[in-house]
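Asks: build me a structure from this.
(2 chains)
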2 protein chains.
Amino acid sequence: MASHDCDAGHKETHGGDSEREFHAAPEDLEERRVLFAAIDSFHQYRATSHYNVTHRRRQNLYALPSSQWQILAAPPFSLLGTLSQVDDAIDQNANLADAIVSFATTTIGLPASPAKDHPLNWRNTAKPSDHAKAHSTLRQFYRDWSAEGFALEVKPLLDLILNDLHNHLHLPQSSSPSPPPSLLLPGAGLSRLLLALTLAGYHCTGNEISYHALLASNYILNHTRVAHAHTVFPFCTTFTNLASRSSQLRSYTVPDVHPATAFQEAHERGDAVGEMGMAAGDFVTSFGPRDADSAGAYDGVVSAYFIDTAPNLIRYIETIRHCLRPGGVWVNVGPLLWHFDGRGHQRSGEDGAEEDGAGAAELEKEMDRKRRKAQHMAREDAGIGEPGSFELSNEEVLLLVESYGFEILCHEILPADFVGEGSGGSYIQDRQSMMQSRYQNAHWVARKRSESARKDHQ
Amino acid sequence: MASHDCDAGHKETHGGDSEREFHAAPEDLEERRVLFAAIDSFHQYRATSHYNVTHRRRQNLYALPSSQWQILAAPPFSLLGTLSQVDDAIDQNANLADAIVSFATTTIGLPASPAKDHPLNWRNTAKPSDHAKAHSTLRQFYRDWSAEGFALEVKPLLDLILNDLHNHLHLPQSSSPSPPPSLLLPGAGLSRLLLALTLAGYHCTGNEISYHALLASNYILNHTRVAHAHTVFPFCTTFTNLASRSSQLRSYTVPDVHPATAFQEAHERGDAVGEMGMAAGDFVTSFGPRDADSAGAYDGVVSAYFIDTAPNLIRYIETIRHCLRPGGVWVNVGPLLWHFDGRGHQRSGEDGAEEDGAGAAELEKEMDRKRRKAQHMAREDAGIGEPGSFELSNEEVLLLVESYGFEILCHEILPADFVGEGSGGSYIQDRQSMMQSRYQNAHWVARKRSESARKDHQ
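Replies: Sure thing, here's the model as predicted:
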């Protein structure tokens, strides 16, 4: 099991000071605060959701003239019945949140119900941004770990990536003693692509900075006992753009694949699977030029929905160039929702007011990602905390990648998959909603030039 | 010209206390504050945009290591050049904003540059929500008053509505002395549908609550001298999901149609055109059951992108039933982005955290509409200020409309128009963006039952 146990990761020995582990509470007090707030936000999911989603709507309903709310409470509307069903759905989501908390506190050695003055009291530490991230992480289980969400949103990306790897990073013949190519996946999130590429035969290292994602993926990879152990209701808190009420209460079971069972079955079939690891922390500080161990350590980097998390894309490119071997391959797919877009204080508070219709969707995702990363903004020492930011068009991204020592092997803008299963441009999208959003993802493959080739090129 | 001059409107004599006029500063101090803040937000558009859009991005660029920003400032990236081009584009938008301010202050009789202690000092009264609304109103000129935006976003709705009216509210033969059917358009916004339906021959009354929209539509209807008088750059402040930098700097001329010229040309051709008026104020308080003058006054109501602005849809339905004659027709098209969704305080601040991917776009529009209406929330006397709210699915909306005295003549969910010009489901959408959002609009036609038919039905 060690080959795919993620709760330590092979990066343990690198000792980067921003790396995150789960064997004990972090010594660093700021790091500890961020971890505790993430755990607490999962713990509070049940109470905050009941309050914000159903309690307030009951209050709003009862605030109507009584003759009106009585009509709305009776069939065929039965709005109070709907709110009770939403409460039940929230409870199912909260059961998964509680399982993550229980796993985290047990693994880290935290008291489940700490006294107020306990030095490891993690309760009531979550801020609004943490609550928001707990909500979005639970919804992300639909995308990454339900059969339906995976098929619509992740598998198209996986197929694209596997095809690129097949073309540019061949797996050894099964009879060969050669090790398989090694891949680095920054922004690994809930680790579904990480698992899939490992099962496909690659040695895979994930990297992730968010404790919310790390806690959730740790739980799903290492602690669920069977497939379909949990039921999630990803759309239960959405009351807008419903064609039919039944859309709101659709449920999905997770995980669709039990990771340990999948590895065991692969071994029994004699399939060659890779090794899987996870390195927690800031991508640039963990794998960048200052980390000598990473130099040339990977045959490939797969960045899916990742590069637009960069305040400074040059740092990401330098880091990827650093940890790829000469000739190594970088596969990229995703949007350009620069989540540090125009970072800094807005004078008049019209955050997002200048966004266009498409930008509206982008804005909320940006806000979400900002929340996810905001914890790091204050520590402007390195990585995404370094000052400065800029936003490029896709054409400019390709030029920048080329100018920093890569050859672009192919590039395209994927069409939006509005009809059918398509190209992986949707992100936790209710396909029954009266509002549909899609990314037309940038997809490209680049190869790291050797230093001499780079100089020739310049 | 009186037949289509909107700056008074035939509702003047109704005297509803929430109605809004533009001949003088409102006596009501709260009303005056809201008007002044709207004017000031257009006035400040230039300065706030330069600060928030380009100044901050220059700061972020210069905060990078100098070797890096120098690369990004040089070709082929030329990011400082891009920011200068965006500044020029902002100035073009600001010229339109200034024209609206100049028109408003002149018409209302406000000093252009009031002293600080002047009783009509409207300067520096805008709040962040006002700035946001000024931004979105200027972008809305693309949707409603450019040839390109109109063709993509408004004309599909107009064609649908004209077809419904053709089927259910016949225009008289040109030789007939009968007046044309009278239509009421709540949520008239920038008045483009209002103008188009008037030119098509209907007597049309618009209703709008937002001073931002009222000032903008007043300007475009009554004060522009020629078509294509202004140039707008609706996407110039969006730095995300750009395939190519040139997308960001696309410009459009407005208005594509000069209203007075269009009326004159119609008269010269002998086309029968209707009369056009605008009633400013809350829809329910202006046209609801308490307003005796409205009783049975209209042959048709056209609600486009409107019904989801209701905190209490029953009030809207009662109002429409009140002002339609028996047998009158209600044409509806639009999404269900309930903009009072879960109104009230959220305990943990995770506003929108529970939204799904589609909901992200909805959220920002909801926030925008909330800003637009927030000014009224405090005055819980009537209209949208009345306490309480609820959100229905489209199926439930149809049941509620039926149960309040309407017969549903036809209904459908329009497919999203991702390819081609389609069905009018996009809203200020940059068609070149790597992010595309579409509504699958609800479209239905209902007929007001007579009281006896209603009782038979119940």
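Asks: name the helix or strand of chain A that has the lowest mean pLDDT.
Replies: Ranked by mean pLDDT, DSSP states H and E, the weakest helix or strand in chain A is helix A:357-377, scoring a mean of 40.
Asks: which helices and strands does the following helix or strand past it pack with?
Replies: Per DSSP states H and E, the first helix or strand lying C-terminal to helix A:357-377 is helix A:394-403. Applying 3 or more CB pairs under 8 Å, 6 or more residues apart in numbering or on different chains; DSSP states H and E, one finds that helix A:394-403 contacts helix A:313-323, strand A:406-413, strand A:442-448. The C-beta positions use only the backbone N, C-alpha and C, and glycine is treated the same way.
Asks: those: which one's closest to A:Val34?
Replies: With CB to CB, the closest approach to A:Val34 among those belongs to helix A:313-323: 21.1 Å.
Asks: how distant is the closest one from the center of its chain?
Replies: Helix A:313-323 has its C-alpha centroid displaced from the chain centroid by 20 Å (CA atoms, centre = their mean, to the nearest Å).
Asks: now stretch A:120-136
Replies: Average the C-alpha atoms of stretch A:120-136, do the same for its chain, and the two points are 17 Å apart (CA atoms, centre = their mean).
Asks: and that stretch, end to end?
Replies: Using CA to CA, to the nearest Å, one end of stretch A:120-136 lies 26 Å from the other.
Asks: what about it, near chain B?
Replies: Yes. Applying CB under 8 Å from any CB of the partner chain, one finds stretch A:120-136 in contact with chain B at A:126-128, A:131-133, A:135-136.
Asks: neighbours around the residue lying closest to A:Leu399 once chain neighbours are set aside, how many?
Replies: Nearest non-adjacent residue to A:Leu399, counting by CB to CB, 6 or more residues apart in numbering or on different chains: B:Pro76, 5.4 Å away. When neighbours are defined as other CB atoms under 10 Å in any protein chain shown, B:Pro76 has 10 of them.
Asks: from B:Gln68, how far out is B:Pro76?
Replies: Computed with CB to CB, to the nearest Å, the distance linking B:Pro76 and B:Gln68 is 15 Å.
Asks: which stretches of the stretch 101-250 of chain A form strands?
Replies: Assigned strands in the stretch 101-250 of chain A, in chain order: A:182-186, A:203-208, A:230-232 (criterion: DSSP state E, counting those that start in this stretch).
Asks: can I get the ones you listed in CSV including distance to chain B and mean pLDDT?
Replies: Listed next are those as CSV, based on distance: least, CB to the nearest CB, whole Å; pLDDT from 0 to 100:
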stretch, distance to chain B, mean pLDDT
strand A:182-186, 20, 98
strand A:203-208, 20, 98
strand A:230-232, 12, 98
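Asks: okay, these in JSON lines with distance to B:Val254 next?
Replies: Formatted as JSON lines, the strands of the stretch 101-250 of chain A follow (distance: least, CB to CB, whole Å):
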{"stretch": "strand A:182-186", "distance to B:Val254": "44"}
{"stretch": "strand A:203-208", "distance to B:Val254": "47"}
{"stretch": "strand A:230-232", "distance to B:Val254": "46"}
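Asks: let's have the ones you listed in TSV, adding mean neighbour count.
Replies: Rendered in TSV, the data for the strands of the stretch 101-250 of chain A read as follows (neighbours: other CB atoms under 10 Å in any protein chain shown):
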stretch	mean neighbour count
strand A:182-186	26
strand A:203-208	27
strand A:230-232	20
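Asks: of all these, which one is nearest B:Glu391?
Replies: The closest approach between B:Glu391 and any of those, judged by CB to CB, belongs to strand A:230-232 at 21.9 Å.
Asks: and that closest one, which strands flank it?
Replies: Strand A:230-232 sits in its sheet next to strand A:252-254 (antiparallel), going by DSSP bridges.
Asks: where's the residue nearest to A:Leu399 relative to B:Phe283, distance?
Replies: According to CB to CB, B:Pro76 stands 52 Å off from B:Phe283.
Asks: quick one: buried residues of the biggest helix by length in chain A?
Replies: Secondary structure of chain A read by DSSP state H shows that its longest helix is helix A:79-108. When neighbours are counted by 16 or more other CB atoms under 10 Å in any protein chain shown, the buried residues of helix A:79-108 are found to be A:79-80, A:82-83, A:85-87, A:89-90, A:93-94, A:96-97, A:99-101, A:103-105, A:107-108.
Asks: just those that are near chain B?
Replies: Contacts with chain B within the buried residues of helix A:79-108, counted by CB under 8 Å from any CB: A:Leu79.
Asks: for A:Trp330, which three-state class applies?
Replies: Under the three-state scheme (DSSP: H, G, I helix; E, B strand; the rest coil), the conformation of A:Trp330 reads as strand.
Asks: what's across from it in the sheet?
Replies: A:Trp330 has these beta-bridge partners by DSSP bridges: A:Val301, A:Ala446.
Asks: contact partners for it?
Replies: Shown here is A:Trp330, whose contacts under the criterion CB atoms under 8 Å, 6 or more residues apart in numbering or on different chains are A:300-301, A:303, A:320, A:324, A:401, A:406, A:445-448.
Asks: again, but for A:Asn60
Replies: Contact partners of A:Asn60, counting by CB under 8 Å, 6+ apart, are B:342-344, B:387-390.
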